[in-house]
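Enquirer: Any chance you could fold what I've pasted below:
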Amino acid sequence: MAPPSHIVFIHGLSNKPPVEDLRRIWLEALAESVDDDKGFDLGAVGVQDSFVYWADLFYDKPLSATGYESRSDELAHSVSGEMVLTSDEWTKAMQAKFCIEGNGVFEDAPIDENTTAYEAIPLPPFVKKQVMNHFLKEAHDYLFDVNGIRDTIRKRVVDCLRQIQDGSRIVIVGHSQGSFIAYDVLTGVEDCPMVDGLLTLGSPLGVDEVQERLVWTRENGFPKKVKTDWVNVYDPFDVVARLDPKLANDFKLSGREVVIDVKEKNWGKWRHSATKYLKGPLLRNHLRQLAGRA
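Expert: Numbers count the residues shown, from 1 in each chain. Sure thing, here's the model as predicted:
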């Protein structure tokens, strides 16, 4: 019998469906058969899971699960409403880096054979801007612990880890902002339990302004609480990760590059989708290995 294994998922930016719906959506995406990959069905191989949910700290009402992150890529409803951004130097620097105009960060992804007619339609600029405004607001409030948000989310992660069965192989999977939440807890919370592996996807951890708000050094940035591997999966057209998607050169272990950067190919115009990442064959293979189910 395989030893016990437990995956902790941490979601990313913008509003989400209720936690049980979001968990179901992610697990179904991970288990879905795609081409030659039969999927990674956690329950079928005896892997337990937990979900750290924090969207409720920013949004009064969760989204409907119907059509969420479907192949039609309907994003506008998840970032509806204006986000009031702080006018501090950190926010201004991030706005300059993630600006729609001028630096190509928002250049549309190319079309391929997996792209449906709907997904081939370029994302409207106002939707792109709303997405990034939500990211900047949520990232800022976490990294600067506005109204105690950082401490609250840290506690949720640590409490989740402490509830896992003793002797389990533990893997944290963080998408988008969830990736730097995971990193922050592993490096900034002294009594955080050890974990066996870390998987980040669509991560903004390569951005200087994010790094400077974490317990981090370039030469020794690999979390000491991670026993084995850190796998970082990115799509080069993911607008959140795109500025610096590879992390091996920024999070070294005693000066050595040890983070495993994996280029995954999503599809459509919106490449930041968690469910698209979870359907990727390379991500699944690495997650199987991290979870001890390869």
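Enquirer: Return the per-residue confidence for the most centrally placed residue in the chain.
Expert: In the chain, the C-alpha closest to the average C-alpha coordinate belongs to His175, at a distance of 0.9 Å (CA atoms, centre = their mean). Model confidence at His175, expressed as pLDDT, equals 98.
Enquirer: For it, list the residues it contacts.
Expert: 9-12, 200-202, 274, 277 (CB atoms under 8 Å, 6 or more residues apart in numbering). Every residue, glycine included, has its C-beta placed from N, CA and C.
Enquirer: wait, which of the residues you listed is closest to Lys38?
Expert: Using CB to CB, Tyr277 comes nearest to Lys38 of the contacts of His175, at 17.6 Å.
Enquirer: can you tell me which residues contact Lys16?
Expert: 22, 53, 55, 62-63, 68, 78.
Enquirer: Just the closest of those residues to Glu138, please.
Expert: Looking at the contacts of Lys16 and their distance to Glu138, the nearest is Ala55, at 9.0 Å (CB to CB).
Enquirer: The closest one touches Tyr68, doesn't it?
Expert: No: counting by CB atoms under 8 Å, Ala55 sits too far from Tyr68 to count as a contact (11.9 Å).
Enquirer: List phi and psi for the residue nearest to the centre of the chain.
Expert: According to degrees, to the nearest 10, the main-chain angles of His175 amount to phi -100, psi 130.
Enquirer: Surely Glu209 and Met94 touch.
Expert: Yes: counting by CB under 8 Å, Glu209 touches Met94, with 5.4 Å between them.
Enquirer: which residues in the stretch 1-150 of the chain form helices?
Expert: Counting by DSSP state H, counting those that start in this stretch, the stretch 1-150 of the chain has these helices, from start to end: 19-31, 89-97, 125-143, 149-162.
Enquirer: how distant is the shortest one from the center of its chain?
Expert: If I follow you right, that is helix 89-97. The chain centroid and the centroid of helix 89-97 are separated by 21 Å, computed with CA atoms, centre = their mean, to the nearest Å.
Enquirer: Looking at it now, give me its mean pLDDT.
Expert: Taken as a whole, helix 89-97 has an average pLDDT of 92.
Enquirer: Please shift the residue numbers so they start at 589 in all later answers.
Expert: Noted, 589 is the first residue going forward, which turns the last one into helix 677-685.
Enquirer: buried ones in it?
Expert: With burial defined by 16 or more other CB atoms under 10 Å, the residues of helix 677-685 counted as buried are 678-679, 682, 685.
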